[in-house]
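S.K.: Dropping the sequence and predicted coords here.
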Amino acid sequence: MFGQAAALLPYIECDPRSPAGRPQVCAAAGVRAYPTWEIQGQRYEGVLTLDELARLSGYAPATP
């Protein structure tokens, strides 16, 4: 969904089946579902479209 930009996202893997999983961090943060997004102090659970993420975060793409 994010292509190469995914590497720039602050991300914590919550799935305990993943070798990179950090379920204890997610549990301590109260994460109940994934994905869970924290944007400007608000929490959103579930898949969000790129348009929804842009609107919630205030992202305005550069115009040529």
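M.R.: Sure thing, it's come through.

S.K.: Using the three-state scheme, assign the residue most central in space within the chain.
M.R.: In the chain, the centroid-proximal residue (C-alpha atoms, centre = their mean) is W37; its distance is 4.1 Å. On the three-state scheme (DSSP: H, G, I helix; E, B strand; the rest coil), W37 is labelled strand.

S.K.: My guess is it contacts E52. True?
M.R.: No. Using C-beta atoms under 8 Å, W37 makes no contact with E52, being 9.3 Å away. For glycine as for every other residue, the C-beta is placed from the backbone atoms N, C-alpha and C.

S.K.: shared neighbours, those two?
M.R.: With contacts taken as C-beta atoms under 8 Å, 6 or more residues apart in numbering, W37 and E52 have no neighbour in common.

S.K.: What about R22, how many residues nearby?
M.R.: Neighbours of R22 under the rule other C-beta atoms under 10 Å: 15.

S.K.: what kind of secondary structure is the residue nearest to it when sequence neighbours are not counted in?
M.R.: Closest residue in space to R22, ignoring its immediate chain neighbours: I12 at 5.6 Å, by C-beta to C-beta, 6 or more residues apart in numbering. Here I12 is coil, with the state taken from three-state DSSP.

S.K.: coming back round to it: got a list of what the residue nearest to the centre of the chain touches?
M.R.: W37 makes contacts with R43, Y44, E45, L48, L53, L56, as judged by C-beta under 8 Å, 6+ apart.

S.K.: can you confirm the first one is in a strand?
M.R.: Spelled out, it's R43. Yes. Looking at R43 with three-state DSSP, it is inside a strand.

S.K.: ok so, going back, narrow the contacts of W37 to those that are buried.
M.R.: L48 (16 or more other C-beta atoms under 10 Å).

S.K.: Let me know the closest of the contacts of W37 to P64.
M.R.: Lowest distance from P64 to those (C-beta to C-beta) belongs to L53, with 21.7 Å.

S.K.: Would you state the predicted confidence (pLDDT) at the closest one?
M.R.: Listed pLDDT for L53 reads 93.

S.K.: Could you report the distance from it to Y44?
M.R.: Applying C-beta to C-beta, to the nearest Å, the value for L53 to Y44 is 9 Å.
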